[in-house]
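> any chance you could fold what I've pasted below:
(one chain, ligands or ions: 4)
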Amino acid sequence: RAKEKGRNNFQFYTPAMNQRVTERLTLESRLRQALLRNEFVLHYQPKVDLKSGRIVGLEALLRWRPSNGEMVPPSTFIPLAEETGLIVPIGEWVLYTACAHNRLMLQAGVQSLQVAVNISARQFNTETLVHMVKDALDSTGLDSSLLELELTESLVMQNPEEAIGLLAQLKDMGLRLAIDDFGTGYSSLSHLQRFPVDRLKIDQSFVRDIGADPNDAIIARAVISLGHSLGMSVIAEGVSNYEQLAFLRENGCDEMQGFLFSMPLPVDELISLLRSNPTLAMH
Ligand code: C2E
Ligand code: MG
Ligand code: MG
Ligand code: MG
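Ligands and ions are numbered 1, 2, ... in the order given. Reported below is the predicted structural model:
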């Protein structure tokens with residue numbers, strides 16, 4: 001392509017760009033090896049019921065800890081994993097591991113909780129998603145009602161007709177389904193009504209300034225009442241202070257997730273937390 005446009009285009013390739021390309025390639029090859037090297041870890045963030053203050057579910061969040069490097073946050077490597085298609089095998093590992101950990105928790109004698117796994121576009125488009133989920137459930141013996149999938153609003157709205165078909169198949173298997181980052185995409189309400197979805201997750205960008213920014217408060221209230229009128233429950237993510245918590249409770253939000261209650265935790269710390277049977281102080 002550069003050739004077609006002529007040699008003058010060469011001026012666009014600055015040393016800084018060259019460095020970025022090199023960094024990307026390095027990251028990509030490290031990412032390719034990460035699965036084999038066992039460098040991925042799942043952390044779990046509790047979801048808390050806003051009436052009882054009790055933990056009612058978990059979200060699995062992927063972490064990459066290269067043996068010879070710093071922790072890489074999901075925001076850095078998931079887009080790259082998506083572009084390269086590596087998200088498909090990585091996502092399979094996430095599904096399997098989350099189901100296996102859930103069984104482990106049962107064996108450790110802690111209460112059984114639904115565990116939610118994030119699914120990205122590249123995975124959602126593959127016909128293999130249904131098979132991967134079946135395999136993960138079969139090989140771990142986890143009951144399908146204990147597995148939830150989180151799909152972003154922009155993902156399901158990209159191709160709603162196709163999404164409805166795949167969601168219905170997953171629903172028939174007995175899974176829970178949630179729409180993540182709700183409010184950031186452009187939902188068609190008529191499609192939303194047809195999605196066999198259990199839960200809406202209010203995006204954390206609306207939660208952040210919920211007490212101070214009237215627009216965020218309006219959106220959060222609207223999502224809560226929309227979800228409820230469609231028969232869905234509503235959870236707020238990124239809750240980090242009591243002002244946000246008070247707003248959410250006053251406005252009838254069902255559940256919360258956020259640093260106020262707990263950071264995402266490694267599985268051993270999660271088990272200790274569950275054993276201590278904590279409740280959220282409502283103040
Ligand atoms: P998400 O699914 O919307 O996850 C919520 C993010 O908010 C997580 O970031 C979580 O650690 C963070 N968070 C939780 N509580 C708070 C809080 O009180 N304040 C703030 N500021 N943040 C909070 P994380 O773990 O960095 O994950 C980022 C995104 O990466 C996720 O957004 C999800 O879209 C994606 N992701 C994570 N794990 C997976 C995975 O296994 N597969 C796929 N496909 N995507 C994943
Ligand atoms: Mg999520
Ligand atoms: Mg989210
Ligand atoms: Mg998000």
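> Ile179 contacts Phe195, doesn't it?
Yes. Taking contacts as CB atoms under 8 Å, Ile179 lies within contact range of Phe195: 7.4 Å. C-beta: built from backbone N, CA, C; applies to glycine.
> the residue of the stretch 151-283 of the chain found nearest ligand 2 and ligand 1, how far apart?
The minimum distance from the stretch 151-283 of the chain to ligand 2, using CB to the ion, falls at Asp180 (4.3 Å). Separation of Asp180 from ligand 1 (CB to the nearest ligand atom, to the nearest Å): 5 Å.
> part of a strand, is that residue?
Yes. Under DSSP: H, G, I helix; E, B strand; the rest coil, Asp180 falls within a strand.
> look up the closest residue to it, ignoring the ones flanking it.
Nearest residue to Asp180 in three dimensions, chain neighbours excluded: Glu150, at 4.2 Å (CB to CB, 6 or more residues apart in numbering).
> could you do Ile271 as well?
Nearest to Ile271 is Ala108, by CB to CB, 6+ apart, at 5.3 Å.
> and for Thr126, the neighbour number?
If you count neighbours by other CB atoms under 10 Å, Thr126 ends up with 15.
> assumed it was part of a helix.
No. With three-state DSSP as the criterion, Thr126 is located in coil rather than a helix.
> show me the contacts for it.
For Thr126, the contact set (CB atoms under 8 Å, 6 or more residues apart in numbering) comprises Val88.
> partner residues bridging the residue nearest the centre of the chain?
Nearest to the mean C-alpha position of the chain, by CA atoms, centre = their mean, lies Asn118 at 3.5 Å. On the basis of DSSP bridges, Asn118 is bridged to Glu150.
> if I pick the residue nearest to Asp180, what's in contact with it?
59, 116-119, 178-180, 201.
> one more: Cys253?
Contacts here follow CB under 8 Å, 6+ apart; on that basis Cys253 touches 50, 202, 220, 224, 234-236.
> in TSV, list those residues along with pLDDT and neighbour count.
Shown next, in TSV, are these (pLDDT from 0 to 100; neighbours: other CB atoms under 10 Å):
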residue	pLDDT	neighbour count
Leu50	98	21
Ile202	97	30
Ala220	96	23
Ile224	97	20
Val234	98	26
Ile235	98	28
Ala236	98	28
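> so how many other residues sit close to the nearest residue to Gly258 once chain neighbours are set aside?
Spatial nearest neighbour of Gly258, excluding adjacent residues (CB to CB, 6+ apart): Val239 at 3.2 Å. Val239 is flanked by 28 other residues according to other CB under 10 Å.
> helix, strand or coil for Val239?
From three-state DSSP, the assignment for Val239 is coil.
> I'd say it and Leu248 touch.
Yes. Assessed by CB under 8 Å, Val239 is found in contact with Leu248 at 6.9 Å.
> quick check: neighbours shared by the two?
207, 256.
> measure the residue nearest to Asp180 to Phe182 for me?
Glu150 sits 10 Å away from Phe182, going by CB to CB, to the nearest Å.
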